[in-house]
Each structure stands twice: as structure tokens, then as C-alpha cells.
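Visitor: show me how the following folds:
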Amino acid sequence: MTTPTFAVVEADFEDHALVAFLREHLDDIAPTAPDESRHALDVDALRDPSVQMWVAVEDGDVVGTVALAAMTEGREELKSMRTAPARRRAGVASLLLGHALHDARLRGVKRVFLETGSMAFFAPARAFYRKAGFSDCEPFGTYEDDPNSVFMTLVLEESSAESQGGMEVSQ
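Guide: Got it, this is the predicted structure:
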């Protein structure tokens, strides 16, 4: 597999292509669960100062997004992880997740959580997160037990950030 040639940059919410990409994300997941079981953030929520968001771009096109939302001291939630359908399995998600986890380590984050769907639509995402070292956990933060949700967590090791460029994770 060739090395991805994507650049990862901080999100620019004035970029109409990014706003459209995020809208597509919400549209993609809309049919998967009832409103109360969909927890993706909209553009306004992603603009909150407690959220950091990055975008993968290739030749000027948005090909992926990832965000980290602050929860409590040393804990953050992975949000808005999406790869453009035409670029899936090209390394975009791995690059973005690695970037976000590296950034989290540098800022002293000790644990990252995520919520994703339990439906077949989200099976590739769950497999990806498990391969990256995430494991299932109980609902966290303000989430409640929901048959439409799978909750996962990852404990970050400080020492691996520098030795592995932020890509190594552990449970």
C-alpha cells in the first residue's frame, strides 16, 4: 500500500467544502437510528472552543475529518470521524486518528472515549477502532445505555507518543 499523500490541517469552518462534508456525515447516519440515538455534532457544536477538529485534504479536497471534544480533566471524546466514501481504505482514517491521538498525548490527555452505532452500517468503524486498540466500555459522560450505541475507550501511553510518532496505542 502506498503512503497516503494527505495533509492534515486544523478545521476552517468558513470553508464551504468542509461544511458540506460535515453535512454529508449527518445525512449518512440519519437513517441508521432514531434522533435520540444519533450523537454526531453539527457544525455549530464543532465550533465550540472545547472541540479541536482536523481535516485531511488531498489536492484541495476534503477527504476526512476527526475531532476531539473535552470531557473532564485528561479525558476527551473522539467525534466526527469520517472518510470520504471514495477514499475509504486509503489510509485517511489511520492518519487522522494517529494525528488526533498524538495531539491528545501532547496535551496530557490520558483516555479517549467514543460512541458509535451498533448497526451493520458502523461495523467497519467498530473494527477500525478495535484494531487501533479501543475496547468496549460502559456509557460515559452524559450517555445512557442504548441498544443503538457502542461505547469504546482507549488509554493513552505518554511514552509511545514520541517513539512512534503518535501512532501507537494501548489498552
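Visitor: and residue 117, how far is that from residue 146?
Guide: Plainly put, residue 117 is 10 Å away from residue 146 if you go by CB to CB, to the nearest Å. C-beta coordinates here come from the backbone N, C-alpha and C atoms, glycine included.
Visitor: neighbour count winner among the two?
Guide: A count of neighbours by other CB atoms under 10 Å puts residue 117 above the other of residue 117 and residue 146, at 21 against 17.
Visitor: now that one: closest residue in space that isn't a chain neighbour?
Guide: Once flanking residues are discounted, residue 117 sits nearest to residue 32: 5.5 Å by CB to CB, 6 or more residues apart in numbering.
Visitor: count the residues that sit near that neighbour.
Guide: 15.
Visitor: can you list the strands that the longest strand belonging to the chain pairs with?
Guide: Looking across the chain with DSSP state E, the single longest strand is strand 61-72. Strand pairing for strand 61-72, determined by DSSP bridges: strand 51-58 (antiparallel), strand 75-83 (antiparallel).
Visitor: columns mean pLDDT, distance to residue 122 and mean neighbour count on top of those strands, output as a markdown table?
Guide: Conversion of the strands paired with strand 61-72 to a markdown table gives the following (pLDDT from 0 to 100; distance: least, CB to CB, whole Å; neighbours: other CB atoms under 10 Å):
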| stretch | mean pLDDT | distance to residue 122 | mean neighbour count |
| --- | --- | --- | --- |
| strand 51-58 | 96 | 20 | 20 |
| strand 75-83 | 95 | 11 | 22 |
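Visitor: want to throw those strands into CSV with distance to residue 155?
Guide: Conversion of those to CSV gives the following (distance: least, CB to CB, whole Å):
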stretch, distance to residue 155
strand 51-58, 20
strand 75-83, 10
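Visitor: ok, now how distant is residue 143 from residue 12?
Guide: As for residue 143, its distance to residue 12 is 29 Å (criterion: CB to CB).
Visitor: neighbour count for these two, which is higher?
Guide: residue 143 (14 against 11).
Visitor: quick check, pLDDT for that one.
Guide: At residue 143, the model reports a pLDDT of 93.
Visitor: wait, isn't residue 66 in contact with residue 83?
Guide: No. Residue 66 lies out of contact with residue 83 (CB atoms under 8 Å); the separation is 9.5 Å.
Visitor: name the residues contacting each of those two.
Guide: residue 96 (CB atoms under 8 Å, 6 or more residues apart in numbering).
Visitor: what's the mean pLDDT across stretch 16-30?
Guide: Mean pLDDT, stretch 16-30: 84.
Visitor: for that stretch, output the C-alpha coordinates as PDB.
Guide: C-alpha atoms of stretch 16-30 as PDB (Å, rounded to 0.1, in the frame of the first residue of the first chain):
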ATOM      1  CA  HIS A  16     -17.800  25.600   2.400                       C
ATOM      2  CA  ALA A  17     -16.400  22.300   1.300                       C
ATOM      3  CA  LEU A  18     -15.800  21.300   4.900                       C
ATOM      4  CA  VAL A  19     -19.300  22.400   5.900                       C
ATOM      5  CA  ALA A  20     -20.800  20.300   3.100                       C
ATOM      6  CA  PHE A  21     -18.600  17.300   4.100                       C
ATOM      7  CA  LEU A  22     -19.900  17.600   7.700                       C
ATOM      8  CA  ARG A  23     -23.500  17.900   6.400                       C
ATOM      9  CA  GLU A  24     -23.000  14.700   4.300                       C
ATOM     10  CA  HIS A  25     -21.800  12.900   7.500                       C
ATOM     11  CA  LEU A  26     -25.000  13.800   9.300                       C
ATOM     12  CA  ASP A  27     -27.100  12.800   6.200                       C
ATOM     13  CA  ASP A  28     -25.300   9.400   6.000                       C
ATOM     14  CA  ILE A  29     -26.100   8.500   9.600                       C
ATOM     15  CA  ALA A  30     -29.600   9.900   9.600                       C
END
